[in-house]
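**Q** could you look at this predicted model? Sequence included:
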Amino acid sequence: MNGKRFSENKARKNGFYLALAVCLVAMGIAAWSTYDAVHNYLAPEAGKTSSGSVQSQVPKAQGGKTVSQAVDDDPEAPRSSASSAPVRQTVGSVTGKEESSKPESSEVQQPESALPEETVSSEPQIPVNAPIYEISEELIHPLQSKELHKAYSAGAPVYSETMKDWRIHTGMDEKAESGEEVYACGNGQVKRTYTDRMLGNVIEIEHGDYEFFYCGLGENFLVKEGDTVTKGQAIGTVTAVPFEAAEEPHLHLEVRRDGIYIDPESILKGQE
């Protein structure tokens with residue numbers, strides 16, 4: 001009986017010590033956890049100074065210098081726009097008055113000396129189709145007599161003694177002596193010299209906006225194609241007009257503008 005009680009007391013003591021050991025282990029673990037948490041919490045505050053301000057962490061470059069010092073020492077290192085921007089000095093800093101700065105143009109002004117030569121040149125440009133002669137303000141009759149033989153019919157048919165029919169007279173006839181000289185009515189340029197079956201030998205001369213056809217001339221032209229003539233210059237002599245051969249000697253003169261027949265007498269009188 002006594003031995004059984006002794007065993008029970010011993011077992012109770014062992015259980016008590018086991019429970020005590022477990023409690024001590026648990027307390028140790030709790031204490032370590034608390035210490036670790038407190039240490040991690042206080043670690044970032046270690047960088048503070050005694051006054052409570054935080055010291056900036058400046059990265060070090062090679063040679064113990066800071067990054068900003070290394071950039072300042074390196075002439076090829078890029079610099080910030082704030083530190084490298086040039087200081088603009090206005091006129092006001094010298095005269096004592098302030099002037100508003102004008103916005104600078106983004107376009108580069110090219111000096112006048114660098115412009116192309118044709119841009120700087122002040123010589124007048126001559127139109128491509130400009131006449132190579134001075135256009136006469138007034139025109140003269142091609143013959144000295146200035147005597148009208150047959151007028152321009154203005155689209156109305158007239159009887160032809162040579163052709164024995166009625167036809168439109170597209171020009172103006174002036175009386176002349178056979179072999180009489182014919183003169184240019186104004187300054188102009190010879191466009192053609194040719195022979196026509198009905199009109200005979202013809203000289204076509206441009207006088208400004210008009211084309212003059214001097215018809216019924218002799219074979220010896222006094223001008224050639226491309227020549228420039230002056231007002232009153234002799235260009236040929238009167239011979240005969242084939243389709244008007246039955247009439248007395250005369251010069252047949254036709255005038256056209258843009259290919260349309262015009263009354264030569266009105267042009268010579270300046271009425272057109």
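**A** Noted; the coordinates are in hand. Computed from a predicted structure; not experimentally measured.
**Q** how close does residue 250 sit to residue 30?
**A** Using C-beta to C-beta, to the nearest Å, we find residue 250 at a distance of 146 Å from residue 30. Glycine gets a C-beta too; all of them are placed from N, C-alpha and C.
**Q** looking only at neighbour counts, state which of these two leads.
**A** residue 250 (26 against 10; other C-beta atoms under 10 Å).
**Q** list the contacts of that one.
**A** If you count contacts by C-beta atoms under 8 Å, 6 or more residues apart in numbering, residue 250 has them with 149-150, 173-176, 216, 238, 241, 244.
**Q** and the pLDDT for it?
**A** pLDDT recorded at residue 250 is 97.
**Q** kindly report the same for residue 33.
**A** 72.
**Q** so it is in which element?
**A** Using DSSP states H and E, the element containing residue 33 is helix 2-42.
**Q** who wins for neighbours among the contacts of residue 250?
**A** Greatest neighbour count in the contacts of residue 250, by other C-beta under 10 Å, goes to residue 216: 27 neighbours.
**Q** quick one: residues contacting it.
**A** Residue 216 touches 199-201, 238-241, 244, 250-252, counting by C-beta under 8 Å, 6+ apart.
**Q** let's see 7 Å
**A** By C-beta atoms under 7 Å, 6 or more residues apart in numbering, the contact set of residue 216 is 199-200, 238-241, 251-252.
**Q** same check on residue 171?
**A** Neighbouring residues of residue 171 by C-beta under 7 Å, 6+ apart: 152, 252-254, 264.
**Q** which PyMOL command selects the buried ones in the residues you listed?
**A** In PyMOL, a selection of the buried entries from those looks like this (16 or more other C-beta atoms under 10 Å):
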select buried, resi 152+252+253+254+264
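**Q** in strands only, show me the contacts of residue 216.
**A** Judged by DSSP state E, strands contain the following of the contacts of residue 216: 200, 251-252.
**Q** closest to residue 136 among those?
**A** Of all the ones in strands among the contacts of residue 216, residue 251 has the smallest distance to residue 136: 19.1 Å, by C-beta to C-beta.
**Q** now for the contacts of residue 250: which two are most distant?
**A** Taking C-beta to C-beta, no two of the contacts of residue 250 sit farther apart than 150 and 238, at 14.7 Å.
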